[in-house]
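Participant: One predicted model, sequence on top.
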Amino acid sequence: MPSGLPERIKRITSTSGLDRDWYLVLLAAGIGTITAGVAWSFIELIHLAAHWLQREPMWLVLCVPTAGAVVAGTIIFFVASEARGHGVPEVLHAITRKKSRIKMRVAIGKWTSAVFTIGSGGSAGAEGPIVQIGSALGSAFGRLIGANTQNTTTLLGCGAAAGIASVFNAPIAGIFFVLEILLRDFSVRTFTPIVIASVFSAASTQIIHSWANPELQYAANEAIFNLPASFHDAPAFTPAEIPNYVVLGIICGLVALVFVKALYFTEDVYDRIRAHPILKPISGAALLGLVGLVYVRFTGQEHGLLPFYSNGYPFIQSLFEPDRYQTGELLAVGLVAICLFKCLATCLTLGSGGSGGIFAPSLMLGACAGGAFGIILNTLEWAPNASPASYALVGMAAVVAATTHAPLTAILIVYEMTRDYRIVLPLMLAAVISTVVARLIMRDSIYTLKLTRRGVRIGQMSDLTILRRLVVDDVPLVAPVFVHPEESAQRLLELSERTSATDFVVTDRADHYLGLVTDADLKEALVYREAIPLLQVNELQRSDLPTVTLEETLDIVLDKFARHDVHSLAVLDERGDGAVLGLITRSRLMHRYQIELSAR
């Protein structure tokens, strides 16, 4: 976009009063509507590809993932490397380290690469891609109007929530996914526009469906997984089954941990392989085809999409049919085997650099684990009347909760995907238990682990909510004391006595920032005081220290202080010529933080 366009738009919005927070509500409605169209086209292409694959001969089904990986890998390499993997960690990284700025090429690259990865049979889901796509759209809106970092982050969250609401027909889950996982901020100021975006997205998606399929009556309460009548006729949850669901929660927590460990192990293996980036997802897809060949060899399946290909939703749907368990069509050993195949297939698809989300694989792993556990309960007569289909549904939420460390989101999204309230109590119990188990063994979720491995710490929700809402401009700055590199160190002592300054900003003759002379550096020089007149400022200055800008959030600044043991950092004018505006000190930052804590 033209460089002057955001500034002109910002002047217009300021003149019309749209610079106040309520304009976020209007933008949220627009983001929700636009994201709905993008998400609908994204998911429809995946569905079309899946229907096509179901009609093709098995030899072609086994080869198509490799062809899709060729296109997806090329797009990722040439358009946006951020489109690699499951996407949500990149959004978190943009929020915590890039002022919520995500380039539109990321949305384009993610949209196209994920369509070819999932549509060709790659084992992944649509959640990660649509979150990254929606976030990029929201971030683009924020940059277009020249919004500050805080409002850009809110608009980013609006896009992510709208994407979840559209793809899964789950507006409530979309809201809580953003608040619990991405922003970790439940304040009314953030909550309101995200709700608006999610509602508009869900409503717009329903309208689009009715236009695209006029012969179908698209209902607002239509669920992704339609539970059959036999599911509702099965015995309902009883208090006597509570211990069973506690055990299921523990099992699902362990299943999630194995999945996370296996996925990152595969990523590490591929990171060590010296090969062209395009070849890595191709090799992963080729290995996926070999895994499919092994499955076909032992099962004899002659046509149709393999259970662990693509998002796996058709197979998950079959696990909610109690009759299939009663006839022996579904066995515990078979479900455990498919669970292993799905884990391996997802690791090969995403670990090698393919594009897709981990939500759908987590659903399938949980459904298989829960169904197998229910069969075992019936076989051992620990709960002879229990329905394995109910355990499969509960297992879905438990594994999702354990992988994401977000039990509230997992509970709501599985409920909205099934629209069944009868099972919500054991679902809540198992989701919480699995999350506790996962957190006890591994501190990070599948999303935050990638950031931790990069050295980016997310922190606790309460601390980040405050620190992310405050920016450097909210902290009173210390007036800078300038020196030039060729000046004598004696000059530093004179300025220190006259101004009581402890840290000095070093600039060239054109007032461009060069570095800092810190209090510690000066004290170290004073050990040999007689040499002070012989030293120059450039011999004491530190050029390795980071600088900050007025719009950087305080969590980022605090991390910079932690990495560099100094008392002050220079604040530069990012929008101007890079002039030094002042110094932010660690003590003033913490004082501002304490004031905000006291006000809550």
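Facilitator: Cool, got the structure.

Participant: Show me which positions of stretch 36-55 end up buried.
Facilitator: 36, 38, 39, 40, 42, 43, 45, 46, 49, 50, 53 (16 or more other CB atoms under 10 Å). For the C-beta atoms, the positions are set from N, CA and C on the backbone; glycine is no exception.

Participant: wait, isn't residue 360 in contact with residue 127?
Facilitator: Yes - the criterion here is CB atoms under 8 Å, and residue 360 meets it with residue 127 at 6.8 Å.

Participant: Mind checking which of those two has more residues around it?
Facilitator: residue 127 (28 against 24; other CB atoms under 10 Å).

Participant: contacting residues around that one?
Facilitator: 88, 164, 167, 168, 357, 358, 359, 360 (CB atoms under 8 Å, 6 or more residues apart in numbering).

Participant: Please determine how far residue 527 is located from residue 520.
Facilitator: Distance, residue 527 to residue 520, by CB to CB, to the nearest Å: 12 Å.

Participant: Could you check which of those two has the larger neighbour count?
Facilitator: residue 520 (14 against 7).

Participant: May I ask you to confirm that that one is in contact with residue 545?
Facilitator: No - applying CB under 8 Å as the test, residue 520 and residue 545 come out as separate, 11.6 Å apart.

Participant: anything in contact with each of the two?
Facilitator: What both residue 520 and residue 545 touch, as defined by CB under 8 Å, 6+ apart, is the set residue 566.

Participant: Is residue 515 in a helix, a strand, or coil?
Facilitator: What DSSP: H, G, I helix; E, B strand; the rest coil gives for residue 515 is strand.

Participant: In contact with it, which residues are there?
Facilitator: Residue 515 touches 506, 541, 542, 543, 544, 545, counting by CB under 8 Å, 6+ apart.

Participant: In strands only, show me those residues.
Facilitator: Among the contacts of residue 515, the members falling in strands are residue 506 (criterion: DSSP state E).

Participant: Pick out whichever of the contacts of residue 515 sits closest to residue 455.
Facilitator: Proximity of the contacts of residue 515 to residue 455 (CB to CB) peaks at residue 544, which lies at 16.5 Å.

Participant: tell me, how many neighbours does residue 482 end up with?
Facilitator: 13.

Participant: For stretch 143-162, C-alpha coordinates in CSV please.
Facilitator: Output in CSV follows, covering the C-alpha atoms of stretch 143-162 (Å, rounded to 0.1, in the frame of the first residue of the first chain):
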residue,chain,number,x,y,z
ARG,A,143,-2.0,-1.1,9.8
LEU,A,144,-4.3,0.4,7.1
ILE,A,145,-5.9,2.8,9.6
GLY,A,146,-2.6,3.4,11.5
ALA,A,147,-3.9,1.9,14.7
ASN,A,148,-1.6,1.6,17.7
THR,A,149,-0.2,-1.7,18.8
GLN,A,150,-2.9,-2.5,21.3
ASN,A,151,-5.7,-1.9,18.9
THR,A,152,-3.9,-3.7,16.1
THR,A,153,-3.7,-6.7,18.4
THR,A,154,-7.4,-6.6,19.1
LEU,A,155,-8.2,-6.4,15.4
LEU,A,156,-5.8,-9.4,14.9
GLY,A,157,-7.8,-11.3,17.5
CYS,A,158,-11.0,-10.3,15.7
GLY,A,159,-9.8,-11.9,12.5
ALA,A,160,-8.7,-15.1,14.3
ALA,A,161,-12.0,-15.4,16.1
ALA,A,162,-13.9,-14.8,12.9
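
Participant: buried stuff in it?
Facilitator: Using 16+ other CB under 10 Å as the test for burial, stretch 143-162 gives 143, 145-147, 149-162.

Participant: likewise stretch 431-440?
Facilitator: For stretch 431-440, by 16+ other CB under 10 Å, it's 431, 432, 433, 434, 435, 436, 437, 438.
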